[in-house]
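Participant: fold the stuff below for me.
(chains A, B, C and D)
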Number of protein chains: 4
Amino acid sequence: MNKHFRLVISCPDQVGIVSKISQFIASHNGSITEANHHTDVQDNWFFMRHEIASDSFALTLEQFKSAFEPLAQTLNLDWSITDSESRNKVILMCSKESHCLVDILNQWHSGDLDCDIACVISNHNDFQDLVKWYGIPFHHVPVGNDKQQHFQSVSNLISEYDAQSIVLARYMQILPSDMCDKFHHQIINIHHSFLPSFVGAKPYHQAYNRGVKLIGATCHYVTQDLDEGPIIEQDVARVSHRMTPQDMVRLGKDVEKRVLSNGLRMHIEGRVIVHDNKTIILD
Amino acid sequence: MNKHFRLVISCPDQVGIVSKISQFIASHNGSITEANHHTDVQDNWFFMRHEIASDSFALTLEQFKSAFEPLAQTLNLDWSITDSESRNKVILMCSKESHCLVDILNQWHSGDLDCDIACVISNHNDFQDLVKWYGIPFHHVPVGNDKQQHFQSVSNLISEYDAQSIVLARYMQILPSDMCDKFHHQIINIHHSFLPSFVGAKPYHQAYNRGVKLIGATCHYVTQDLDEGPIIEQDVARVSHRMTPQDMVRLGKDVEKRVLSNGLRMHIEGRVIVHDNKTIILD
Amino acid sequence: MNKHFRLVISCPDQVGIVSKISQFIASHNGSITEANHHTDVQDNWFFMRHEIASDSFALTLEQFKSAFEPLAQTLNLDWSITDSESRNKVILMCSKESHCLVDILNQWHSGDLDCDIACVISNHNDFQDLVKWYGIPFHHVPVGNDKQQHFQSVSNLISEYDAQSIVLARYMQILPSDMCDKFHHQIINIHHSFLPSFVGAKPYHQAYNRGVKLIGATCHYVTQDLDEGPIIEQDVARVSHRMTPQDMVRLGKDVEKRVLSNGLRMHIEGRVIVHDNKTIILD
Amino acid sequence: MNKHFRLVISCPDQVGIVSKISQFIASHNGSITEANHHTDVQDNWFFMRHEIASDSFALTLEQFKSAFEPLAQTLNLDWSITDSESRNKVILMCSKESHCLVDILNQWHSGDLDCDIACVISNHNDFQDLVKWYGIPFHHVPVGNDKQQHFQSVSNLISEYDAQSIVLARYMQILPSDMCDKFHHQIINIHHSFLPSFVGAKPYHQAYNRGVKLIGATCHYVTQDLDEGPIIEQDVARVSHRMTPQDMVRLGKDVEKRVLSNGLRMHIEGRVIVHDNKTIILD
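Facilitator: Residues are numbered from 1 along each chain as shown, chains lettered A, B, ... in the order given. Next up is the predicted model:
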């Protein structure tokens, strides 16, 4: 991947936005290597993501921020710019199931996930040494009788590491509301059903009982409303009457890890914009 | 397709079922060209479907019925046998959307659906001449103020044609309870969502509002509980933030027609057994 | 769909293209309702498609052409602009298999394919009356001993109707080279395999013999090299050892009609750019 | 999974096979928990796989072998019986890419692959400690100038471990013919294309150059003919013009690991019968 700045914008739609922004970029010799636009015609809202080659660009990130601000105010933009060199700092949280954890760790190790993994936090220590093989700090934070204390410890770790993203890789604990608010649109969960079907516990058993012909998984941002946050990615796999709930659990793991890592990839590349509890994926 | 008898069985599981039944078939020179078994280990229930070449078989259908009955009673079987030459007699019901209707008609015309189509019943007459091109009677039964009368007329037509199966090919009317009961596991509906998500009206708009990344369709038997009957077949298609509800409606049609014709094919080939509001598909 | 102009561009990549073009559009009060860009970093080539609301635009199509030409020359553009109101004029060609023909006709009839269907040409007359039900002229042009004459007649019909696109909806005849050249990137074929696997005749039988676990279909532009033209769309379906070649033929039809209608939709909406025997699909 | 014997049979088709075999099983109080049949009507060949609950069965594995042999000879069976308790002994071979290796190791560790992993053999030692975390011996067997010696060492290791299956988890070396013969239908490879498309080296680059819209992976038994062995499993993923060959390599890894682990699962559960360079998958 070439070095680039990522400019992400959303604003009320109006004539001339692209013209003014692209003129600004071109005037500083910006070479746009990837551009995505979306206009929500119903809401009259505009979304844009540009990758601008940073090597040949005339501005540094800080210079861009100052120089662009007046235009941004004129256009009433909600905007951000990031440098592909400043990789998203991610914390992984897991419990006793390893499929999502290991899949993300190994993709990261192979250079297929362009982020930093700050640490792994788990309420069990089963995977401590495995995580260390990947050169990543591991924190065992048990869930005792005092759940509030558990989450306080987790929250402290997130702050200490200054992490931007938290991935619940089958973490299996419901986060307290204040934590959902504090890390708004920063916490990514994988739910093991095709939402909105089968919210809550034991979704594969629910799917088995309903007799569906496909099972699924959903990657979404965590909000205060359980399993109701903005959906980033989903996928399904075919099942049959021959499968027990245990078979579905096993097959589902393949879907879960694929959906979570794909959703995470979109997130860390700054491709996900949340609008009205829905996501715009600019890929 | 070669001529065959289809023997379909379900019963409490026990040692020796397959042995006794296959011995019976072999003793009459029955050549089994396709065999499917399923044991529900949780319920301890056994399901079986055999295709037996009828040309070389020593028994006629009627002779089979008499000769097999004693064994069936011994094994406590729920069973049926049908002749592939006696094709399932199907009535199609539609409204103003033609995609499912035309897809079924044309597959049937091409020899790809092995059933008889008795007639098409619609509350509109838009497709009268098109249906007639396929050589199939068309009945326009409007839905007036008196819904009860409408359904009485429909019910009478089903009886007159002595139809075994009724396909609601986007018929858009909710059937009265007594009709659901009268034609138990004979009425097939296509619902334009991935059930149990988005029951009821305007599922694509519901899907749009929830921001799902896949839309789906579900083929199921109609029961008194709206959109709650046993699921025969499901499939999905990928959507994105770029799609309006209208785009989803259009894309969904492709899924609906595929799911409905596949479900219907399983049904008319006697491959679907309903057990506990779920289907066993012996294919 | 709202009325719009479609501006499609490809050119050597350079800084400032988007800026200059969007400035031109904005300066004439152009509201961009959909924008797609692609930069081929390997070839250093740029591709763009814009939909511009035509109602509020200050220029007519002809005025746009004149006004834009100087800029286009400066940027060395390969470009075109079309009006969504001037629908693509399509001729369908078929033989004795109706699944693709009927699927396209019915989607068109339902308002789901935004084109005009000029006529249907077939070397058989099986579907003459069905086509006429859709209100479309039907031309029976038999393939006799003189293939050259057949293709001359077809070519004349295309010219008479002034058609822009020709769809080989399972037409089953190999077009002569001069015709491939004359209607360059205007003829769309559906091949019943996942190309480049199984070129030529009886691909499902080839697939059966190789024992593949998925069969597919490919929609591509016709060129002089049989089954080697630029691929527009592909899809697959799962098969098993239980399926005969005939079963694959039947299942394949579902894939073929889906792939062809999706490819055709991209084509008529001006979303397909051919570059180096590959397609850029700006959707 | 319950303890069971797996009886796998293939033979020329004839009336009475199922009857005689199921009678034999029932006469020893065999409870069949899963049964799969397939009749190849073209070749007139019969295939069968039964799972028989071993706890309640009257025969031990050895007793079954002796008692069944006379019937097997009468019916001219090619047959085998295995005990689910005697797990298939598998050797994994890899090179410098870890996605397939780690996926299999972790599924095995989670109890989702019912086999023993004897050891990992690699021509590099990058993953030595990771493999050891899983408690599995690791053998670094470099490929030097003398390839024959390398393969001799590998072959010796396979014999020492008495392994029944060898998985080439992106091993990247072409096996010598004698080794392919010696371990006939025991060596499973993952090829990173949808065979028969793109045999040989750099299939993703081939796919990129051809402009296909789906990429795939193929799990197959290794034979002397490179990439021509019987296909066990295949799957695909959608690509677009936006993807570079490197993007396809990354996306392909997800398909490869899924296809390989699914194929391996079928193999170790004794569900794969090879017939005429094709596989029957009795699942």
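
Participant: elements contacting the host helix or strand of A:Thr279?
Facilitator: Secondary structure from DSSP states H and E places A:Thr279 in strand A:278-281. The helices and strands touching strand A:278-281, judged by 3 or more C-beta pairs under 8 Å, 6 or more residues apart in numbering or on different chains; DSSP states H and E, are strand A:231-238, strand A:272-275. Placement of C-beta: from N, CA and C, glycine included.

Participant: name the nearest residue to A:Ser27, sequence neighbours excluded.
Facilitator: Distances taken as C-beta to C-beta, 6 or more residues apart in numbering or on different chains put C:Ser19 closest to A:Ser27, at 7.9 Å, once the chain neighbours are dropped.

Participant: and the one you found, that's in a helix?
Facilitator: Yes. According to DSSP: H, G, I helix; E, B strand; the rest coil, C:Ser19 belongs to a helix.

Participant: that one reaches A:Lys20, doesn't it?
Facilitator: No. Counting by C-beta atoms under 8 Å, C:Ser19 does not reach A:Lys20; the two are 9.1 Å apart.

Participant: where does chain A have low pLDDT?
Facilitator: For chain A, the stretches with pLDDT under 70 are A:1.

Participant: give me the nearest residue to the residue of it most remote from its centre, chain neighbours excluded.
Facilitator: Here chain A reaches farthest from its C-alpha mean at A:Arg242, the gap being 34.5 Å by C-alpha atoms, centre = their mean. Leaving aside its chain neighbours, A:Arg242 sits nearest to B:His38 (6.3 Å; criterion: C-beta to C-beta, 6+ apart).

Participant: surely that neighbour and B:Asp13 touch.
Facilitator: No. If you go by C-beta under 8 Å, B:His38 and B:Asp13 don't touch, sitting 10.1 Å apart.

Participant: before we move on, the earlier item: and of the helices and strands packed on strand A:278-281, who's closest to B:Ile32?
Facilitator: Nearest to B:Ile32, of all those, is strand A:231-238, at 26.8 Å by C-beta to C-beta.

Participant: the closest one near chain B anywhere?
Facilitator: Yes. Counting by C-beta under 8 Å from any C-beta of the partner chain, chain B is contacted by strand A:231-238 at A:Ile231, A:Ile232, A:Glu233, A:Gln234, A:Asp235, A:Val236.

Participant: would you mind listing the buried residues in that strand?
Facilitator: By 16 or more other C-beta atoms under 10 Å in any protein chain shown, the buried positions in strand A:231-238 come out as A:Ile231, A:Ile232, A:Glu233, A:Gln234, A:Asp235, A:Val236, A:Ala237.

Participant: adding distance to B:Gln206, write the helices and strands packed on strand A:278-281 out as JSON lines.
Facilitator: Putting those into JSON lines (distance: least, C-beta to C-beta, whole Å) gives the following:
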{"stretch": "strand A:231-238", "distance to B:Gln206": "13"}
{"stretch": "strand A:272-275", "distance to B:Gln206": "18"}
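
Participant: out of the ones you listed, flag the one nearest B:Glu62.
Facilitator: Closest of the helices and strands packed on strand A:278-281 to B:Glu62 is strand A:231-238, at 39.4 Å (criterion: C-beta to C-beta).

Participant: what comes into contact with that closest one?
Facilitator: Contacting residues not belonging to strand A:231-238 are listed as A:188, A:194-195, A:213-221, A:251-252, A:254-255, A:258-260, A:262-263, A:266-267, A:272, A:278-279, A:281, B:210-214, B:236 [C-beta atoms under 8 Å, 6 or more residues apart in numbering or on different chains].

Participant: which among these count as buried?
Facilitator: A:188, A:194-195, A:213-221, A:251-252, A:254-255, A:258-260, A:262-263, A:266-267, A:272, A:278-279, A:281, B:210-214, B:236.

Participant: which of those fall within helices?
Facilitator: A:Leu251, A:Gly252, A:Asp254, A:Val255, A:Arg258, A:Val259, A:Leu260, A:Asn262, A:Gly263, A:Met266, A:His267, B:Arg210 (DSSP state H).

Participant: for the second one, give its distance to chain B.
Facilitator: Distance, A:Gly252 to chain B, using C-beta to the nearest C-beta, to the nearest Å: 15 Å.

Participant: ranges for the strands of the stretch 101-250 of chain A?
Facilitator: Assigned by DSSP state E, counting those that start in this stretch, the stretch 101-250 of chain A shows strands spanning A:115-122, A:138-140, A:165-168, A:187-191, A:214-221, A:231-238.

Participant: what does chain A put close to chain D?
Facilitator: By the rule C-beta under 8 Å from any C-beta, the part of chain A lying against chain D is A:34, A:97-99, A:102-103, A:106-107, A:109-110, A:112, A:129-130, A:133, A:242, A:250, A:253-254, A:258, A:261, A:283.

Participant: cutoff 7 Å now
Facilitator: A:98-99, A:102, A:106, A:110, A:112, A:129-130, A:133, A:250, A:253-254, A:258 (C-beta under 7 Å from any C-beta of the partner chain).
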